[in-house]
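*Asks:* predicted structure and sequence below. I'll ask about it afterward.
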Amino acid sequence: MNRRSQKRRTPAGRHVYLLFAAPGMTLFLAFWLLPMLRLAGVGASGPSGAAAYLAVLTNRHYFTSLVSTLLLSAAVTLATLMISSLVGLFLQRNRFAGKALLLAMLTFPLAFPGVVVGFMVIMLAGRQGLIGAVTNWLFGDAWVFAYSLGGLFLGYLYFSIPRVILTVMAAAEKLDPALEEAARSLGADSLRVFVDIVLPALAPALVSSGAICFATSVGAFGTAFTLATNIDVLPMAIYNEFTSYANFSMAAALSIVLGAMTWLVLALARSWSGNAAGAAA
Amino acid sequence: MKRSFRFYLQLAFALLVCAFLIVPIVLSMLAGVTDNFFVGWSSGFTLRWVEQVWATYQQTIWRSIAIALACLVVTTAAGVPLAYMLARHRGGNSRLARAFEELLMMPVAVPGLATALALIMAYGQYREFRGSLLFVLVGHVLFTLPFMVRPVLAVMQSSQLPVLEEAAASLGAGLWQRFFGIVVPNVFSGILAGALMVVTLSIGEFNITWMLHTPLTMTLPVGLADSYASMRLEVGSAYTLIFFLMIIPLLIAMQWVTHTTRSRVRL
């Protein structure tokens, strides 16, 4: 017994767990990290060299794509957070017949791939879509906006709402109702309670799920691809650079920039919400 | 019980959001079995679009199932031991393990387009590999591996595993015996949750697959995009209908698993 535990403290024994990680980490290093380094190298191999990494700021065309991508994602994130908080809080706080079914339906699209989400938008706002049919009947003018930034907005909203509802519900479950009651007994109206008590308590969850929503919208490709290949967002710009113009180095540089951006947003949000949660505890 | 006006207002809003999510699903399912969607349901119902999809895209369905299962095998074989290392290396408190955990999430955090381009630039010159299903599988494994590692790791960290392992060790069980005899059976709920997620994500993966596929390695979502772009709305709808029928059992199983494991943890 003694000998065994001594043996486990030797360096070889301590590192034995690394063996367990070997297959997974080998896969990861060989097929993700090395290719990414190669991609970064290809990005700097174009006619303009490493300056290609600044093209997203200096080139007018890419810059417009970047700005519209960021604005669209910010709008989607804001709208998703508002809608999902309202619905999530409502579901967490009320019991009524059919609630489980409603929740199941609200989270059903969780695993839809971007292409299918795109098709759902076509069903709603496309040429033969529901919105077009209804507006045609009401105003004699069919609204068709699926094949533009408006359709993409609707698609990302469709994609993000179920995720954020789940996060909000999980966070709201941990809220202490005594705090709200105390605030109310001190005379705060429901708006004050919401702004001063509920919102700060939900903030870490909202920030982290908002960041995921933002990052997915910035990097998503399937929905835009289904709706129209000429929608001017950065992932489509990369795709067109690669397939239509065979400009590999520019496609590589742009995707490194895009990847760095989404990673940074997620990392910032995580460190912020992690700190906030730590401070609250 | 008497409800306030605000309750009904909120309920109406929740129902509106639900309609936004569900109505297009129902519409597309109906469109898949409608003879002519433009004319409407008065044109009658038919299964000929489903048959046409089956004739044209059947291969993509089998291929997607095969890739999802292969992906499940690889992520389980690589992911469960990896989670074990993350949980146990230096008492589960090592900086190396946290760095690995962080790195593993990168293919999820970084857009699939970037991952796919990186794979093509690094391995595209190996023609055989580039044109095979293995190339698509690699992309799927990278993307789904963290979804196997995380639930398994969560179970390893929460359960009484170290005590059981110590008991086994004191009875003379070696490391491998402990891993296969004690650890794997005890984290089965985590493996199951991870497995459902891996299969669902792999069947629906598009962002990486679109760049990696060749006409001979087309998967279901790639076929969907193809049919949306080049076929009648009814054909795309019928294809989507088949996709829904494939993932609905998985989604139900996933909800059931999270429900049962959660209620068990609460006890």
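*Replies:* Cool, got the structure.
*Asks:* centroid-nearest residue for the chain?
*Replies:* With no chain named, the answer covers chain A. Centroid check for chain A by C-alpha atoms, centre = their mean gives A:Cys213 as the closest residue, at 2.5 Å.
*Asks:* sorry, should have said chain B
*Replies:* Nearest residue to the geometric centre of chain B (C-alpha atoms, centre = their mean): B:Leu201, 1.9 Å.
*Asks:* report pLDDT for it.
*Replies:* B:Leu201 is assigned a predicted lDDT (pLDDT) of 91.
*Asks:* which residue comes closest to it once chain neighbours are left out?
*Replies:* The shortest distance from B:Leu201 to any residue other than its chain neighbours is 5.1 Å, reached at B:Thr144 (C-beta to C-beta, 6 or more residues apart in numbering or on different chains). Every residue, glycine included, has its C-beta placed from N, CA and C.
*Asks:* now the one you found: which helix or strand?
*Replies:* helix B:133-158 (DSSP states H and E).
*Asks:* contacts made by the helix or strand just after that helix with the rest, please.
*Replies:* Downstream of helix B:133-158, the first helix or strand assigned by DSSP H and E is helix B:161-170. Residues outside helix B:161-170 that contact it (C-beta atoms under 8 Å, 6 or more residues apart in numbering or on different chains): A:1, A:4, B:87, B:177-178, B:181-183, B:186-187.
*Asks:* low-confidence ranges in the chain?
*Replies:* Picked chain A for this. Within chain A, the stretches with pLDDT under 70 are A:1-14, A:274-281.
*Asks:* let me rephrase: I mean chain B.
*Replies:* Ranges of chain B meeting pLDDT under 70: B:1-2, B:261-267.
*Asks:* how about the contacts made by the residue of chain A found nearest chain B?
*Replies:* Of all residues in chain A, A:Gly219 sits closest to chain B, at 2.9 Å by C-beta to the nearest C-beta. Residues in contact with A:Gly219 (C-beta under 8 Å, 6+ apart) are A:235, A:258-259, A:262, B:110-114, B:207.
*Asks:* tell me the most packed of the residues you listed, by neighbour count.
*Replies:* B:Ala114 (31 neighbours; other C-beta atoms under 10 Å in any protein chain shown).
*Asks:* my guess is that residue contacts A:Val257, does it?
*Replies:* No. Using C-beta atoms under 8 Å, B:Ala114 is not in contact with A:Val257, being 9.3 Å away.
*Asks:* of the contacts of helix B:161-170, just the buried ones, PyMOL syntax please.
*Replies:* Selection command for PyMOL covering only the buried members of the contacts of helix B:161-170, criterion 16 or more other C-beta atoms under 10 Å in any protein chain shown:
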select buried, chain B and resi 87+178+182+183+186+187
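*Asks:* specify which member of the contacts of helix B:161-170 is nearest to A:His61.
*Replies:* B:Ala87 (48.3 Å; C-beta to C-beta).
*Asks:* these two touch, right, that closest one and B:Val155?
*Replies:* No. In this structure B:Ala87 lies outside contact range of B:Val155 using C-beta under 8 Å: 9.3 Å.
*Asks:* buried residues in the helix holding B:Thr144?
*Replies:* B:133, B:135-156.
*Asks:* secondary structure element for the residue nearest to the centre of chain A, which one?
*Replies:* helix A:199-219.
*Asks:* now that helix: buried residues?
*Replies:* Using 16+ other C-beta under 10 Å as the test for burial, helix A:199-219 gives A:201-219.
*Asks:* ok, stretch A:118-135 next?
*Replies:* Neighbour-count burial for stretch A:118-135 flags A:118-126, A:128-129, A:131-132, A:135 (criterion: 16+ other C-beta under 10 Å).
*Asks:* check whether that stretch contacts chain B.
*Replies:* Yes. Interface with chain B: stretch A:118-135 contributes A:118-124, A:128, A:130 (C-beta under 8 Å from any C-beta of the partner chain).
*Asks:* could I get the contacting residues of the residue of the stretch 51-200 of chain B at minimum distance from chain A?
*Replies:* Here the stretch 51-200 of chain B gets closest to chain A at one residue, B:Pro111, 2.9 Å apart by C-beta to the nearest C-beta. By C-beta under 8 Å, 6+ apart, the contact list for B:Pro111 reads A:218-221, A:235, A:255, A:258-259, A:262, B:207.
*Asks:* on that earlier part again, ok, so of the buried residues of stretch A:118-135, who is nearest A:Pro109?
*Replies:* Proximity of the buried residues of stretch A:118-135 to A:Pro109 (C-beta to C-beta) peaks at A:Met120, which lies at 7.7 Å.
*Asks:* nearest residue to that closest one other than its sequence neighbours?
*Replies:* Closest to A:Met120 by C-beta to C-beta, 6+ apart is B:Pro24, at 3.9 Å.
*Asks:* kindly report the same for A:Ile122.
*Replies:* Nearest residue to A:Ile122, sequence neighbours excluded (C-beta to C-beta, 6+ apart): A:Ala146, at 5.0 Å.
*Asks:* which stretches in chain B count as helices?
*Replies:* Per DSSP state H, chain B carries helices over the ranges B:5-32, B:48-88, B:95-104, B:106-109, B:112-123, B:127-131, B:133-158, B:161-170, B:175-178, B:184-186, B:188-204, B:207-212, B:220-230, B:233-266.
*Asks:* so the third one versus helix B:48-88, what angle?
*Replies:* It stands for helix B:95-104. Angle of helix B:95-104 versus helix B:48-88, following axes from the mean of the first three to the mean of the last three C-alpha atoms, to 10 degrees, is 170 degrees.
*Asks:* quick check, helix B:95-104 touching chain A?
*Replies:* Yes. Using C-beta under 8 Å from any C-beta, helix B:95-104 reaches chain A at B:100, B:103-104.
*Asks:* could you dump those to a markdown table with neighbour count?
*Replies:* Below are the residues of helix B:95-104 next to chain A laid out as a markdown table (neighbours: other C-beta atoms under 10 Å in any protein chain shown):
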| residue | neighbour count |
| --- | --- |
| B:Phe100 | 20 |
| B:Leu103 | 15 |
| B:Leu104 | 24 |
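*Asks:* ok, back up a step: next, format the residues of stretch A:118-135 next to chain B as a markdown table and append secondary structure.
*Replies:* Listed next are those as a markdown table, based on DSSP: H, G, I helix; E, B strand; the rest coil:
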| residue | secondary structure |
| --- | --- |
| A:Gly118 | helix |
| A:Phe119 | helix |
| A:Met120 | helix |
| A:Val121 | helix |
| A:Ile122 | helix |
| A:Met123 | helix |
| A:Leu124 | helix |
| A:Gln128 | coil |
| A:Leu130 | helix |
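*Asks:* what is the nearest of those residues to B:Ala238?
*Replies:* Using C-beta to C-beta, A:Phe119 comes nearest to B:Ala238 of the residues of stretch A:118-135 next to chain B, at 11.8 Å.
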